[in-house]
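Enquirer: Have a look; sequence and predicted model below, questions after that.
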Amino acid sequence: MSNYIITIKKKAAKKVMRNISLSDILPPGFQESVLTLEAQIIRDDAYSIIQSALLGGYVNLLWDKAVSLSNTLLIESNTNITAISGKGAVLKNSVNKPMMRNRTLRFSDNNSIIDRNIVIDGGIWNGNSAGQTVKGTSQFGFANLFSWYGVENLTLKNHKMYTPKVYAQHAINVVNGHISDFVVDVGTNPAINMDGVHWDGWCKNCSIKDGNIRSYDDGIGINADDLLNVSTSEAKGFFPVSANGPVENIVIENIVFNDSLFGIRLLSGQSKISNIIIKNISGITKNYSIIVDNYWQNPNGLDKPGKGNIENITVESVTTTVPSSSVAFPINRAKIVLSCSIKDLTMTGVTPTGTNLPILEKLSQSSDGQYTYSYDNVKLNGNPV
């Protein structure tokens, strides 16, 4: 009789979503923090307990407490965080790191992404900017509220982001990322580099909708190439040069700028930015409302310097006011600023600034004269520019 060896392959068990609420896992007598803008009160730290609950992903986490955090929460695939009204988190003093970040860093190439399916719905997220001592480190990057570096299917909605030390959200290599129904507020005593929300290098098929932004730098950034490794960056060494890359298919819609220092920036040296729709932009920006740029004042500061590589941009309905009163950083004082090479830019429904400042400023070259810009099929309110 012949001998047969039978191999039985076991089918991997399907992972089941876990349902957890903070009120069930935090200890009795836990003292909640107060998350109010510029009047936060930092009480009990919940970092270790929450991080343990998030480990492994596949979790529906009901965030029903106001907590402080002493370290960055690392978010894995298939994580849904739902915060009830008035609850969320504040960074403790001197954390100097992001509040939340995806676990597996992938700075370039959409196909390399590991972390998927992350949702944050609701919450007050307070960066306690005044309590952070540096803007970033080479080990942990910028001290943002949210840092997303390699995520597919990312949703943030119905939330408030207060006083980040640097960005409210910084995103690189995100596919299908959407942020909506949100507030960014840097408070009444901000410092430069306190940005709003970004979809930067390698981001694709993303949106920013229905937001109210008070920033003290760019309220919205679409930065294909950036100054990630400029000598003055406190996070120099954290980001590889490959984190700079193409950005495509981004929608920015229904944004109110609440006295922001700057509005929307599209930034490119070499990497392409394409297929961007910007519409229904209102409120007040102290300098430009929109700039399409190669960082004209110091273009070689970019990780990938060049004359800009931007095409197929549609702008509809920009009704912002740009005050003529003096500001701390008086640069690009027009509603729309063009300062890089651009192909196919159509702008309609762009109203005057409401002051004596111009509606459009178009530069022919960078400040050092190294880069001369080309403009191909650029129109403002139906007229070539």
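Expert: Thanks, I have it.
Enquirer: Need the contact partners of the longest helix along the chain.
Expert: Identified as the longest helix of the chain according to DSSP state H is helix 47-54. By C-beta atoms under 8 Å, 6 or more residues apart in numbering, the residues outside helix 47-54 that reach it are 20, 22, 25-26, 59, 61, 67, 69-71, 73-76, 79. Bear in mind the C-beta positions are built from the backbone N, C-alpha and C, glycine included.
Enquirer: Go through those and flag which are in helices.
Expert: Using DSSP H, these in helices are 22, 25.
Enquirer: Tell me the buried residues within the contacts of helix 47-54.
Expert: The neighbour count (16 or more other C-beta atoms under 10 Å) marks 22, 26, 59, 61, 67, 69, 71, 73-76, 79 as buried among those.
Enquirer: Pull the number of nearby residues for residue 181.
Expert: If you count neighbours by other C-beta atoms under 10 Å, residue 181 ends up with 15.
Enquirer: Helix, strand or coil: sort out it for me.
Expert: Under DSSP: H, G, I helix; E, B strand; the rest coil, residue 181 falls in the strand class.
Enquirer: pLDDT score assigned to residue 13?
Expert: On pLDDT, residue 13 comes in at 69.
Enquirer: same check, this time on residue 334
Expert: 96.
Enquirer: Tell me where the model's unsure across the protein.
Expert: 1-13 (pLDDT under 70).
Enquirer: same thing but at 50, please
Expert: 1-2 (pLDDT under 50).
Enquirer: And the longest helix of the chain, how far out from the chain middle?
Expert: 24 Å (C-alpha atoms, centre = their mean, to the nearest Å).
Enquirer: now do stretch 219-226
Expert: 8 Å.
Enquirer: let's have the chain start at 325 instead
Expert: That works, and once the first residue is 325, the last one we named lands at stretch 543-550.
Enquirer: Identify each buried residue in it, please.
Expert: 543-550.
Enquirer: Check stretch 346-355 too.
Expert: 346, 350, 354.
Enquirer: now swap in stretch 445-452 and tell me
Expert: Applying 16+ other C-beta under 10 Å to stretch 445-452 flags 445-452 as buried.
Enquirer: What is the nearest of the buried residues of stretch 346-355 to residue 436?
Expert: residue 346 (32.7 Å; C-beta to C-beta).
Enquirer: In contact with the residue nearest to the closest one when sequence neighbours are not counted: list those residues for me.
Expert: Spatial nearest neighbour of residue 346, chain neighbours left out: residue 389 (4.3 Å); criterion: C-beta to C-beta, 6 or more residues apart in numbering. Residues counted as contacts of residue 389 (C-beta under 8 Å, 6+ apart) are 346-347, 350, 354, 356, 370, 411.
Enquirer: ok, now how distant is residue 389 from residue 422?
Expert: Using C-beta to C-beta, to the nearest Å, residue 389 is found at 20 Å from residue 422.
Enquirer: if I read this right, residue 492 contacts residue 514, doesn't it?
Expert: No: contact criterion C-beta atoms under 8 Å: residue 492 and residue 514 do not qualify, at 11.9 Å.
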